[in-house]
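Enquirer: can you look at this prediction? I've put the sequence above it.
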Amino acid sequence: QERRRAMASIQTGGPDGVTLHGIELVRRYAGDRDPAGLRHGKGRYEFPNPAYTYEGDFRRGRKHGVGTFTTPDGGRYVGEFVNDEITGIGERAWGDGRTYVGTFTLGEMNGEGRLIRPDGGSYEGGWRMNRRHGRGVDTHGPTGSTYDGEWVDDKRHGRGVAVLRRRGGGDETETYDGAWAFNERHGEGRMENGSTGEAYDGGWREGKRHGVGVGRHRLDGASSVPGASSVPGATATATDSGAFVDYEGEYVDDLPIAIPTVCQLTVSAERPPRGDDDPEPPPVAEGEDPPEWGSALDPMAVVQGERVPGPLRLTARTPYVWSPEGNGDGDGEAGEDPDAAGEDADDTAGAADDTAGDADDAETTPEPPKPKLGPVATHETGRTFRCFLRAGAPERADEATDPDTRAGWSYGRWTYGDEVHAAGSEDWTFTTSGGECDVDGVTIGEDVGPGVFTLEARDVTPGWYGDLGRCNSVHVVLDVRPKPEMEGDDGDGAAGE
């Protein structure tokens, strides 16, 4: 407000220039006159306050034409006058160091002109009554940041390009090209940050990413934002050796929300025939499916020094939703359990039998809704998983149990045993492509003793993006067996002796 008052119109006409009479008028004016005695032509006039002066053209007693007007603070205007007013093209300098070259109307910057500020900043473009208005370029003096675009009533409003720089310059810049409303990014626009490498092209609302957009996010730093729900139709791609993730989908209040948070692990390979040392699993109740290979009831047999049978297919999915049994909507399969391979619920549970509808049947209590898996996240590439070897078979996490007294390490709905170091485990990292990846090449070294272990695949997508939404852990159960001894290695003598 103080700056606007300082830039207000200069009152150069009125009584001080016209109503003086006699010897007072003669003393304050020196120059040409018309036959009626009015100042007319070239002349110099000192106002009653001698710090104000005007020297230039007069017509019929008024400043009119081209002249120079000075003020007591050291300010100066050189340019056109019309009927005692600063109107037309001119150059004005303020005592605080600001200068303006352009058009004026009644003493105010109006039209086209260039203002230079004492800090080296400037604005060149349209003006309306001392306010930036229309098309113009503003440069911030200390940093060199610029805005080139449309203005309304001294605010960035419309279409424009902003280039933000830090003090000292360099490559630490951010560029935004798009729509503005009242000094905020609002509408459609593209942002690129030369300092972080991040970018975004899409919708904005009040300065935040909002709506559908394509963004590149740096995978470092941390975030306390809770896991966001997933929305089908979004895409994400990891790039630059995992330093970034490219995301396409919906944003709300500056955050991407279309992130898959459910994972499933299935065994692609067929189970080998059972041998003498591979007993049958415990019997199941009538009507139940036998346990899947890789579950706690039928673990995978792995010999020390050999690979885990596979490949194991890992799929990242949008979250499952609860729906009444028999509802066939959605892309998931009713009854699927996203936490582990081989422990799916019965898909046919609750189906009507041949006697459904019989008038003699007693009323039954409706079955509770069953979980449904959302579709595979084919829209995302680059989610990072790492495998860990853990002691023993997992147990279902009892939500009613006090977590402080629960043994082992729990993630999601499972409780796992302690981590077991295995040679080469630091390389057990896998990245999804189109929502899927094969967990293959996991070798159980001879440093791992015989026994039952769990191979857990955990979502370790790093940084702020990873913290926005993380998939549950999945696993298979392994029965690690000792490496068979070679014939003749018993130390009792040479073979054939």
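Expert: Looks like it came in fine.
Enquirer: give the partner strands of the helix or strand containing Gly31 in its sheet and their orientations.
Expert: Using DSSP states H and E, Gly31 maps to strand 29-33. Partners of strand 29-33 in the sheet, by DSSP bridges, are strand 39-46 (antiparallel).
Enquirer: mind listing what's buried along the strand it pairs with?
Expert: 39-40, 43-46 (16 or more other CB atoms under 10 Å). From N, CA and C alone the C-beta is placed, and that goes for glycine too.
Enquirer: quick one, which of the residues you listed has the minimum pLDDT?
Expert: Across the buried residues of strand 39-46, the bottom pLDDT score, 90, is held by Glu46.
Enquirer: angles on the backbone of Pro311, please.
Expert: phi -80, psi 160 (degrees, to the nearest 10).
Enquirer: and stretch 281-298, how far apart are its ends?
Expert: Stretch 281-298 has an end-to-end distance of 6 Å (criterion: CA to CA, to the nearest Å).
Enquirer: mean confidence for that stretch?
Expert: Rounded mean pLDDT across stretch 281-298 is 82.
Enquirer: buried ones in that stretch?
Expert: For stretch 281-298, using 16+ other CB under 10 Å, the buried residues are 281, 291-298.
Enquirer: next one: stretch 132-146
Expert: In stretch 132-146, counting by 16+ other CB under 10 Å, buried: 132-133, 135-136, 138-140, 143-146.
Enquirer: can you pull the phi/psi pair for the closest residue to Phe81 other than its chain neighbours?
Expert: Nearest residue to Phe81, sequence neighbours excluded (CB to CB, 6 or more residues apart in numbering): Lys63, at 4.3 Å. The phi/psi pair for Lys63 (degrees, to the nearest 10) reads phi -70, psi 120.
Enquirer: where does the protein have low pLDDT?
Expert: 1-27, 168-172, 220-243, 320-372, 398-412, 487-497 (pLDDT under 70).
Enquirer: how about the helices in it?
Expert: 2-6, 15-18, 22-28, 463-468 (DSSP state H).
Enquirer: just to revisit the earlier point, any chance of the buried residues of stretch 281-298 in CSV with distance to Gly102 as columns?
Expert: Shown next, in CSV, are these (distance: CB to CB, whole Å):
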residue, distance to Gly102
Pro281, 88
Pro291, 84
Glu292, 79
Trp293, 81
Gly294, 78
Ser295, 80
Ala296, 81
Leu297, 85
Asp298, 84
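Enquirer: name the nearest of those relative to Phe81.
Expert: Among the buried residues of stretch 281-298, Gly294 lies closest to Phe81 (CB to CB), at 92.3 Å.
Enquirer: on that earlier part again, okay, and which of the buried residues of stretch 281-298 map to strands?
Expert: In strands, judged by DSSP state E, none of these are found.
Enquirer: please save the CA atoms from the strand holding Gly31 in CSV.
Expert: Extracted as CSV, the C-alpha positions of strand 29-33 are listed here (Å, rounded to 0.1, in the frame of the first residue of the first chain):
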residue,chain,number,x,y,z
TYR,A,29,7.5,32.3,-14.0
ALA,A,30,10.1,33.2,-16.6
GLY,A,31,9.2,32.5,-20.2
ASP,A,32,6.9,33.2,-23.2
ARG,A,33,3.4,34.6,-22.9
